[in-house]
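Participant: any chance you could fold what I've pasted below:
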Amino acid sequence: MVIPLSTKRLCPQGYGCVADLGWAVGLNFSYRWMNGIGLGFGYEFWLLTANGVYETSVPQMFTGLLQYSFLPDHATHPVIRLRGGFLMFGPSFRVATMGGTAEIGVGAEVELSQDTVFSFLVTGNLLRTGSFTTPGDGALRGVGAPLDAMLVLRVGFNFLL
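Facilitator: Residues are numbered from 1 along each chain as shown. Predicted coordinates for the structure are as follows:
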């Protein structure tokens, strides 16, 4: 689940918001050493309500991952995760603008097998896009504030390399 915290860049005052509530789908691959440190990469997209400006807003992210698993010798353990990377934003998988994203998160993992992990995380995500104009309402977006921020509640699977 994606919950907007601050969307002044993507949602200028007086116009419909193109980054409202939604949900996320992603795929991550990582390698974790015995000391609990993990490195990886992933692709993720969000489907966000867009209040009639777009049918659906879709941020797409290609990210690098740094993660630390506490108690790595236990099958269930807490984790802290940092991710960052390239962002594309637009309607229905089309690109209206590009930018970057950064994330910090905490949660827990349950190892289901040697290479498959079920995880639950709460993450804070920062987005920075270039400026763009939405054709439906003529609003200039991606200006007026330094960053947009989202809270993301994540449940999913990770695959270890």
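Participant: can you map out the helices along the protein?
Facilitator: With DSSP state H as the definition, the chain shows no helices.
Participant: most centrally placed residue in it?
Facilitator: In the chain, the centroid-proximal residue (Cα atoms, centre = their mean) is Asn125; its distance is 6.0 Å.
Participant: show me the contacts for that one.
Facilitator: Thr101, Ala102, Glu103, Ala149, Met150, Leu151, Val152 (Cβ atoms under 8 Å, 6 or more residues apart in numbering). Placement of C-beta: from N, CA and C, glycine included.
Participant: filter the residues you listed to the buried ones?
Facilitator: Among those, those classed as buried by neighbour count (16 or more other Cβ atoms under 10 Å) are Thr101, Ala102, Glu103, Ala149, Met150, Val152.
Participant: ok, so of those residues, who is nearest Ala19?
Facilitator: Nearest to Ala19, judged by Cβ to Cβ, of the buried ones among the contacts of Asn125 is Met150 at 7.6 Å.
Participant: hey, what's that closest one bridged with?
Facilitator: Applying DSSP bridges to Met150 yields these beta-bridge partners: Pro4, Asn125.
Participant: correct me, but it touches Gly105?
Facilitator: No: with contact defined as Cβ atoms under 8 Å, Met150 does not reach Gly105; the gap is 11.6 Å.
Participant: any common contacting residues for the two?
Facilitator: Taking Cβ under 8 Å, 6+ apart as the criterion, Met150 and Gly105 both touch Gly124.
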